[in-house]
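Novice: One predicted model, sequence on top.
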Amino acid sequence: MIVNQIQLFFIFIINGLLIGLLFDFFRILRKAIKTSDFITYIEDVLFWIFTGLIILYSIFTYNNGEIRLFMFIAILIGIIIYMALISKFIISANMLIINTVKKIFSTIFKIIKIPLNLINKLMRRLFLKPISFVIINLRNYFTKILKKFDNLLKKAKLSNKFVKNTKN
């Protein structure tokens, strides 16, 4: 009987360690990816759902659904042990891994971006410059035509005024 309760006590200490690890998982997520308040609320709800599932699973699996105070004390002890001894190492190791992966992907994207920028510049030179050249020349041509037409209208008005003055 007492051996069974000691085993249960250690099982629930392990549950506390798992809950601490789960807590650190969400802390690492928040440090690695900047999230809005809404996403943070969702993460908090997910944390409590997973924590509840871990505890309920252990209670029903190892103690036939009977809840004892020592189980929660063991969970608390497991969380304290995890936070005091393991948490800093886990967070720093994971942040190191995440930052290294971010740097690798950043470098890969920079390398990929170089030929894409060259292709972009080449495409602009091949397609956009001739098109803009044609557009600019058409605009200049139509501007000249409009100026000639405007001058013709002005001359016509002047000659029209001259004709009116001579008739009087």
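Specialist: Right, received. Where do you want to start? Numbering: from 1, shown residues only.
Novice: Next, work out how far apart Lys148 and Ala156 are.
Specialist: 12 Å (Cβ to Cβ, to the nearest Å). To be clear about C-beta, it is placed using only N, CA and C from the backbone, and glycine gets the same treatment.
Novice: same question, Met71
Specialist: 103 Å.
Novice: quick one: which of the two has more around it?
Specialist: Met71 (23 against 10; other Cβ atoms under 10 Å).
Novice: count of neighbours near the residue lying closest to the more buried one once chain neighbours are set aside?
Specialist: Distances taken as Cβ to Cβ, 6 or more residues apart in numbering place Phe12 nearest to Met71, at 4.6 Å, with adjacent residues excluded. A count of neighbours around Phe12, defined by other Cβ under 10 Å, yields 25.
Novice: Just the buried residues of the strand or helix carrying Phe12, please?
Specialist: If you go by DSSP states H and E, Phe12 is part of helix 2-32. Of all the residues in helix 2-32, those buried under the rule 16 or more other Cβ atoms under 10 Å are 8-9, 11-13, 15-20, 22-25, 27-28.
Novice: How about the contacts made by the residue lying closest to Ser58 once chain neighbours are set aside?
Specialist: Nearest residue to Ser58 in three dimensions, chain neighbours excluded: Asn15, at 5.2 Å (Cβ to Cβ, 6+ apart). Taking Cβ atoms under 8 Å, 6 or more residues apart in numbering as the criterion, Asn15 is in contact with Ile54, Ile55, Ser58, Ala74, Ile75, Gly78.
Novice: Next one: Asn15 from Ser87, what distance?
Specialist: Relative to Ser87, Asn15 is positioned 16 Å away (Cβ to Cβ).
Novice: my guess is Ser87 contacts Leu17, does it?
Specialist: No. Ser87 is beyond contact range of Leu17, at 10.2 Å (criterion: Cβ atoms under 8 Å).
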